[in-house]
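K.L.:
Quick check, what structure comes out for this input:
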Amino acid sequence: MHSIEALNLAEQKLEWFRTRGASSALPTMPAANFDTNIVSGNDVSHPLYTLSWSVPAATLSGALKTIYIEALWQDRHGETQSVELKTMISKYSEFD
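P.N.:
Modelled structure (predicted):
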């Protein structure tokens, strides 16, 4: 079951990255900024899981970023397990 929760956390982070350029209807849920928020980082706020992502230098004149995201946890034997996702995000929304 840890793999399902880890996958869910990684997908949530990727979905937040995809909010770039959107105007937030709720001020408590800000949209991601392509230049300042879609950068490498990590999140250890989830018990049992470590979420980390890397964003190499943008390609195509800075209009496209590749995101690698990994969620790690320890199994019952103390072995580190992980799920990894990769996506690419354009600076431009399909609605622009």
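K.L.:
For the host helix or strand of L9, which helices and strands make contact with it?
P.N.:
Using DSSP states H and E, L9 sits within helix 2-17. For helix 2-17, the packing partners by 3 or more Cβ pairs under 8 Å, 6 or more residues apart in numbering; DSSP states H and E come out as strand 50-54, strand 64-74, strand 80-90. All C-beta atoms are positioned from the backbone trio N, CA, C, and that covers glycine.
K.L.:
got the buried residues for it?
P.N.:
Under the neighbour-count criterion of 16 or more other Cβ atoms under 10 Å, helix 2-17 has 6, 9-10, 13-14, 17 buried.
K.L.:
between the residues you listed, which is closest to N33?
P.N.:
N33 lies nearest to F17 out of the buried residues of helix 2-17, by Cβ to Cβ, at 10.3 Å.
K.L.:
helix/strand/coil for the residue located most distally from the centre of the chain?
P.N.:
Outermost residue of the chain with respect to the C-alpha centroid, by Cα atoms, centre = their mean, is H77; its distance is 27.6 Å. Classification of H77 by DSSP: H, G, I helix; E, B strand; the rest coil places it in coil.
K.L.:
Rounded mean pLDDT for stretch 37-47, please.
P.N.:
Averaged over stretch 37-47, pLDDT sits at 92.
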